[in-house]
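Visitor: predicted model, plus sequence, below.
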Amino acid sequence: MNSKKNPNSVSTTYLDLFVENGILYCIYKDIELVDLGIAKICVKDRLEFSAYKAYPILFDITRIKQSTKEARDYLANEGNDLVTASAILISSPMLKMAANFYIMVNKPKNPSRMFTDRESALEWLSQFQI
């Protein structure tokens, strides 16, 4: 992704962001540990990129190794502002456990589901397009 060629995309320290067909893609980069500080930066970057507009979002966390409880709590609550629905794309049993924990324990305030393939995630998100 090259943000110089596509004004609808941006690459930040931790995320690649772009909008396609009314869905915002938040592709996390290789991150060893998402702590509260990183979570807050990611939310700030997402809100600025989206110009504070609500979107259904595909969160691709396949390259994250782990996250802290504080980061998950923040992302499920304040960090979910202007997210109409969350499709969380995972790739490993460890991420599946973390995503399940996030959905069941942190209880995000919007519809949230976990997926292992992008097409199913996008199909589910399409019902939330504005």
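Guide: Structure's in. What do you need? Just so it is clear, the structure is predicted and the values come from calculations on it, not from any experiment. Numbers count the residues shown, from 1 in each chain.
Visitor: please count neighbours and contacts with C-alpha atoms only from this point.
Guide: Fine.
Visitor: neighbours of D60, how many?
Guide: 22 (other CA atoms under 10 Å).
Visitor: need the pLDDT of it.
Guide: D60 carries a pLDDT value of 96.
Visitor: ok, it touching Y28?
Guide: Yes - with contact defined as CA atoms under 8 Å, D60 reaches Y28; the gap is 6.0 Å.
Visitor: now for the nearest residue to S67 once chain neighbours are set aside: which residues touch it?
Guide: Sequence neighbours aside, V34 is the residue nearest to S67 in space, at 4.4 Å (criterion: CA to CA, 6 or more residues apart in numbering). Contacts for V34 (CA atoms under 8 Å, 6 or more residues apart in numbering) come out as I64, Q66, S67, T68, A71.
Visitor: can you give me how far the helix ranked longest in the chain is from the chain middle?
Guide: Of all the elements of type helix in the chain, the one with the most residues (DSSP state H) is helix 36-49. Between the centre of helix 36-49 and the centre of its chain there are 10 Å (CA atoms, centre = their mean, to the nearest Å).
Visitor: quickly list what I23 is bridged to.
Guide: Beta bridges link I23 to E20 when assigned by DSSP bridges.
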